[in-house]
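> Sequence first, then the predicted structure:
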Amino acid sequence: MRALARGYKEIAVAHAAYDSGQMAGWGTQTSPTTEILFVPLRAGATTWGILALRPRDPGRFLLREQLTLLDSLAKQVALALEVERMSVHALGRATTSGSS
């Protein structure tokens with residue numbers, strides 16, 4: 001039952017990170033006791049998903065530089081997803097206008 005309650009808490013923290021566009025969970029100001037760090041994959045106004053990281057040692061916190069690097073990585077992943085979406089959209093438009 002304890003694992004189930006922890007799972008619900010982790011889902012709530014993941015939702016908070018998704019909705020706010022800010023990191024949440026382990027080592028952050030938002031639910032720092034959660035053992036998972038949730039990093040939003042955000043490009044512009046679109047949040048594509050959440051990167052969830054569970055540390056091997058929850059007692060060891062990340063340095064500010066490591067959090068900055070992780071945030072940059074998440075932004076690059078989100079931008080790659082945005083570029084892919086735009087490419088698929090453009091390809092669909094080209095295919096549709098070419099078949100008319």
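Ah, there it is.
> Could you use CA atoms for every contact and neighbour count after this?
Will do.
> looking at this, residue 51 is in a strand?
Yes - counting by DSSP: H, G, I helix; E, B strand; the rest coil, one finds residue 51 located in a strand.
> what about the residue nearest to residue 27 when sequence neighbours are not counted, neighbour count?
Nearest non-adjacent residue to residue 27, counting by CA to CA, 6 or more residues apart in numbering: residue 61, 5.9 Å away. Neighbour count for residue 61, taken as other CA atoms under 10 Å: 13.
> Looks like residue 61 contacts residue 28 (just checking).
No - with contact defined as CA atoms under 8 Å, residue 61 does not count as touching residue 28 (9.4 Å).
> returning to that earlier point: measure the residue nearest to residue 27 to residue 43 for me?
Residue 61 sits 26 Å away from residue 43, going by CA to CA, to the nearest Å.
> now residue 91
Taking CA to CA, one finds residue 91 at 21 Å from residue 43.
> Please say which of those two ends up with more neighbours.
Between residue 91 and residue 43, counting by other CA under 10 Å, residue 43 is the more crowded of the two (19 against 12).
> ok, residue 16 to residue 22 distance?
Distance, residue 16 to residue 22, using CA to CA: 8 Å.
> and the longest helix along the chain, which residues are buried?
Longest helix in the chain, counting residues (DSSP state H): helix 64-98. By neighbour count on 16 or more other CA atoms under 10 Å, the buried set for helix 64-98 is 67, 70-71, 74-75, 77-79, 81-82.
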